[in-house]
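Asker: I need the structure of the sequence given here:
(chains A, B, C and D)
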2 protein chains.
Amino acid sequence: MALRHAVLAALLDEELSGYQLAKAFDLGVANFWHALPQQLYAELAKLEKEGLVAGREVVQDTRPNKRLFTVTEAGLAELDRFAATANKPSFIRDDLFVKVQAADHVDVDELIAQLTERAAIAEAKIELWGGLLRQMRGDRSEEEFLRHGERIGPYLTCLRGLAFEQGNLDWCRRSAAILRERRAAHAPR
Amino acid sequence: MALRHAVLAALLDEELSGYQLAKAFDLGVANFWHALPQQLYAELAKLEKEGLVAGREVVQDTRPNKRLFTVTEAGLAELDRFAATANKPSFIRDDLFVKVQAADHVDVDELIAQLTERAAIAEAKIELWGGLLRQMRGDRSEEEFLRHGERIGPYLTCLRGLAFEQGNLDWCRRSAAILRERRAAHAPR
DNA sequence: TCATGATACTCAATAAAATGACTAATCAGA
DNA sequence: TCTGATTAGTCATTTTATTGAGTATCATGA
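Answerer: Next up is the predicted model:
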């Protein structure tokens, strides 16, 4: 009963179709929530049945028709209610971290390769978030935008996402470097 | 089929009971994986049946008896195999981030309170990880330990956890400050 | 023209995780 | 001496999430 709130939060600023929502969950929302398209379609259907979102059919010539969803008053109330409840323990789940935890027992070359790959992914995300942030604040400076901008919620979560990926990048590079050094020290020549 | 690897990784350095494992998953392992005790007991039973871990009964006078588990050769092989596979998309899930995403539509005072609370939690974790890291490296410097220490896997993941909490702390403080400023600007006097 | 990929979904089956309720002993403190 | 916390688990049910397979149309590029 918590995916629903992530969906509501994602729909606050834009009217989206299930398909677009799935894209959003692959990009920005992925910073703090993860869900597959099937879950989102199912959740949207439930939310609509409960009157927390409203869908409207949009007929398209060139593309299959779609249904765009907006948050209703009841949806907003539900979000506000949620905002006042206690947070469930936050959670991270990452295969790569598990592998690093086992670093002393698994193939180090493989691990270094994966850390390097992840570093590249992190770099790409950093550019992506950077662009998104620039786009959101337009021609204002960050300080100006945060002080007086209209919708700062998505901006703040995006900032967290950016910092998180920066953290990943630093850590992956450092860890890879350390493992390379140790490998060199153990099997020289 | 992935919790199993987190369990194996957690058992590499110590022989643990299900109960102790659950504790570990609440502390250190929580940096990269999250699971409830019931899941862990179930997973340990499966792993034992498959021969990836071995349990031994320990009779205790003062406490209920317990079963301690160690990773077997087959378990190590499985971990190594896992380390060479592609990573599933990593994921974060955090109620607080959802609430911040909806910052412009929910009760700001409540949000500020929760950000402040989370900042305090982050501070506590930072101290905890700091202590754990000191304990792992003993009297060596970090550089020295990372170069020549025996088991650096847990140290590296702990470093990531520390940086993550530091990121949370900074972000919570900054976000709370921004929201306070905006609140003051909108409803002065 | 023919394959590919994007848009826009749906359905069914299985696997994994969360919730809630229990047992049973010991210990520390009011 | 009673209460609550800690150790050490188990069991059953429900809720979520994942996997895999389909449907259909249109646009793009080789």
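
Asker: quick one: the longest helix along chain A to helix B:153-186, angle?
Answerer: Among the segments of chain A that qualify as a helix by DSSP state H, the longest is helix A:153-186. Relative orientation of helix A:153-186 versus helix B:153-186 (axes from the mean of the first three to the mean of the last three Cα atoms, to 10 degrees): 160 degrees.

Asker: now helix A:153-186, how far from the centre of its chain.
Answerer: 17 Å (Cα atoms, centre = their mean, to the nearest Å).

Asker: That helix: which residues count as buried?
Answerer: Residues A:153-169, A:171-176, A:178-179, A:182 are the ones in helix A:153-186 that count as buried (16 or more other Cβ atoms under 10 Å in any protein chain shown). In this view, the C-beta of every residue, glycine as well, is placed from N, C-alpha and C.

Asker: Can you read off the pLDDT for A:Ala177?
Answerer: A:Ala177 is assigned 98 on the pLDDT scale.

Asker: Can you name the residues of chain A that neighbour DNA strand D?
Answerer: Within chain A, the positions adjacent to DNA strand D are A:Met1, A:Ala2, A:Leu3, A:His34, A:Ala35, A:Leu36, A:Gln38, A:Gln39, A:Thr62, A:Arg63, A:Pro64 by Cβ under 7 Å from any atom of the strand.

Asker: show me where chain A has strands.
Answerer: A:16-17, A:53-58, A:66-71, A:91-93 (DSSP state E).

Asker: Serialize the ones you listed to a markdown table and add fields for mean neighbour count, distance to B:Glu110 and mean pLDDT.
Answerer: Below are the strands of chain A laid out as a markdown table (neighbours: other Cβ atoms under 10 Å in any protein chain shown; distance: least, Cβ to Cβ, whole Å; pLDDT from 0 to 100):
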| stretch | mean neighbour count | distance to B:Glu110 | mean pLDDT |
| --- | --- | --- | --- |
| strand A:16-17 | 20 | 26 | 97 |
| strand A:53-58 | 15 | 23 | 94 |
| strand A:66-71 | 19 | 19 | 97 |
| strand A:91-93 | 18 | 22 | 88 |
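
Asker: Which of these sits closest to A:Ala103?
Answerer: Proximity to A:Ala103 (Cβ to Cβ) singles out strand A:91-93 among those, at 18.0 Å.

Asker: got the contact list for that closest one?
Answerer: Surrounding strand A:91-93, the residues in contact under the criterion Cβ atoms under 8 Å, 6 or more residues apart in numbering or on different chains are B:Ala30, B:Asn31, B:Phe32, B:Trp33, B:His34, B:Ser90, B:Phe91, B:Ile92, B:Arg93, B:Asp94, B:Phe164.

Asker: Alright, I will stop here.
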